[in-house]
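Student: Sequence plus the predicted model coming up.
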Amino acid sequence: MQKKIHVLAIDLGASNGRAFLGRFADQKLEIEEIHRFENRPLTVNEKLCWDFDSLWDEIKTSLKKAHVSGGFDSVAIDTWGVDYGFLDREGKLSEMPVHYRDNRTDSIPEQVFRIISDFDLYRLTGNQILKINTLFQLIASKKERQFEQAQTLLFMPDLFGFFLSGNLYSERSIASTSQMFNPVSLSWENAILTPLGIPRSLLQDVIPSGTIVGELRQELCRELNIPQSKVIAAAGHDTQCAIAALPSNAPDIAFLSCGTWSLFGTELDSPVLTYESMKDDMSNELGANGKIDYLKNINGLWLIQECRREWRKENSCLDYSEIERMANESEPFRSFIDPDDDIFSSPGDFPQKIQAFCTETGQTVPTDIGAIARCIYESLALKYRYTLDQIQKNTGKKHTALHIVGGGVQSRILCQFASDSLGIPVYAGPIEATVFGNMMIQLTALGAIQNIQSGRSIIAESVQIQKYVPHEQGKWNAAYQQFLRMINKENAS
């Protein structure tokens, strides 16, 4: 029997964090949730920030609980993309990391385009042009004179990795979300940094996913009364961990990493850096297996989460299953939204925002919970079809199935609508894809499995996958034409 290897995966999402302990032996992986906690932003000096101190305390709690639960040979942390923290000359955090939903970047892209065109940014980095991207945030930081105190920039997973190990690095998948990293040369792009006055010295050397970066700091181990173990840079970007856990190695599948965000795309051998790809808002990000994950960032179930937050002011017991039930009972195809319209980019009264969008676009205005929720679920499914059409146009690939991974797998209505809208089978699972991917990358680094492809085969045998097949194609095709008219009208205005 193979010696059992224990790996600790800490997954920090935009609304919560989880720690899972994995036990691997004889090509089987068992996972156990040992800690879960909320990730609540806070306002500091009128900026929306991440509560780093609270998150670091929760990470230390995770380490202690993992030790009590049997110990671990290695640990890796993944987080959301684009955000970062600054260290000062003493290696201390100079201020709380700013949240990507803070409004400080509202006018920054246009300012950057006066120096470097949007297409030059795209052809050099392959990143979808989003105001939340690290590059635009850094320009805001520069205007706020934060560079004066900053010695080092670390992306969020690398920042926590530094506090774990004491070592500085930039993991490749998270670097590829920044709009400063070239996916062809696999290096920081000086043609962007230099004209925008961003010091190269702020940035760290880039390392591949699955690099052992050191061991837990001795002083941290003494504080927590735990033994040292290896610290691994998995795929720092949680999306790439989730995609690493796809339960298939087939080349003709599309993927959807579904949670707060919907990351919809496919794997390629090389980036697509054309003008058409840029105009279609596609992004080229580096996966843990060295492939290009050609994808679009789409506002995801955050739309439902924000609506529920508002609805719970009147019904504190309202849960997601009840929302889905009401959506199922609501009349179909009454109105649609573009999930990525600017009105949905920041928190607020989302039911009111959806009603305002429908009024402005001349559609039937949904008034109750079921109608609003159905509008969201249908609009997401139709935006997936819109995105798949763009991907197939830009790559020449034909996709025969969609694999959905992540927390959105639990939304049966969204999974079914996605199959109906795309007209192809949907395979849903695993729910904890990010955790599985994080662990498989660790196990690859430790030499317990050969590569990501082998890990995917193991995951396919370890989890249950739910299949959805399309139906009512005629109605969904008609709805898609209606959705296209709405999107085209919105883009023209």
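Tutor: Nice, thanks for sending it over. Residues are numbered from 1 along each chain as shown.

Student: Low-confidence regions, this structure specifically.
Tutor: Counting by pLDDT under 70, the chain contains low-confidence ranges at 1-2, 490-493.

Student: And the residue nearest the centre of it?
Tutor: Nearest to the mean C-alpha position of the chain, by Cα atoms, centre = their mean, lies T239 at 4.3 Å.

Student: Let me see the backbone angles for that one.
Tutor: Backbone torsions of T239, given as degrees, to the nearest 10, read phi -60, psi -40.

Student: Please name the nearest non-neighbouring residue to E331.
Tutor: Using Cβ to Cβ, 6 or more residues apart in numbering and skipping residues adjacent in sequence, the residue nearest E331 is A371, 7.3 Å away. (C-beta placed from N, C-alpha, C; glycine too.)

Student: So what's the residue count around the one you found?
Tutor: Other residues near A371 come to 21 when the count uses other Cβ atoms under 10 Å.

Student: Could you tell me the phi and psi values at G22?
Tutor: phi -110, psi 140.

Student: measure it to K4 for me?
Tutor: 10 Å (Cβ to Cβ, to the nearest Å).

Student: quick one: which of those two has more around it?
Tutor: Each of G22 and K4 has its neighbours counted (other Cβ under 10 Å); G22 has more, 22 against 13.

Student: quick one, what contacts the more buried one?
Tutor: H6, V7, L8, A9, L29, E30, I31, E32, V435, M439, Q442, L443 (Cβ atoms under 8 Å, 6 or more residues apart in numbering).

Student: Narrow these to those in strands?
Tutor: H6, V7, L8, A9, L29, E30, I31, E32 (DSSP state E).

Student: which residues of the stretch 351-493 of the chain fall in strands?
Tutor: 401-405, 426-428, 466-468 (DSSP state E, counting those that start in this stretch).

Student: so can I have JSON lines of those showing distance to S277?
Tutor: Below are the strands of the stretch 351-493 of the chain laid out as JSON lines (distance: least, Cβ to Cβ, whole Å):
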{"stretch": "strand 401-405", "distance to S277": "20"}
{"stretch": "strand 426-428", "distance to S277": "25"}
{"stretch": "strand 466-468", "distance to S277": "29"}
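
Student: now the ones you listed as JSON lines including mean neighbour count?
Tutor: Listed next are the strands of the stretch 351-493 of the chain as JSON lines, based on neighbours: other Cβ atoms under 10 Å:
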{"stretch": "strand 401-405", "mean neighbour count": "25"}
{"stretch": "strand 426-428", "mean neighbour count": "25"}
{"stretch": "strand 466-468", "mean neighbour count": "15"}
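
Student: Against G265, how distant is the residue nearest to the centre of the chain?
Tutor: 9 Å.

Student: Now for these two: what residues contact both?
Tutor: With contacts defined as Cβ under 8 Å, 6+ apart, the residues adjacent to both T239 and G265 are D293, L295.

Student: top helix in the protein by residue count?
Tutor: Secondary structure assigned by DSSP state H gives helix 369-395 as the longest helix of the chain.

Student: quick revisit: just the buried ones out of the contacts of G22, please.
Tutor: For the contacts of G22, a burial check counting by 16 or more other Cβ atoms under 10 Å picks out H6, V7, L8, A9, L29, I31, V435, M439, Q442, L443.

Student: Who does the second one form a beta bridge with?
Tutor: I take that to be V7. For V7, the beta-bridge partners are G22, S74 (DSSP bridges).

Student: you'd agree it is up against M440?
Tutor: No - using Cβ atoms under 8 Å, V7 is not in contact with M440; the gap is 9.1 Å.

Student: Checking my notes, R36 in a helix, right?
Tutor: No - counting by DSSP: H, G, I helix; E, B strand; the rest coil, R36 is not part of a helix but strand.

Student: how close does it sit to N16?
Tutor: R36 is 7 Å from N16, by Cβ to Cβ.

Student: And the longest helix of the chain, what's buried?
Tutor: So for helix 369-395, counting by 16+ other Cβ under 10 Å, buried means 369-388, 390-391, 394-395.
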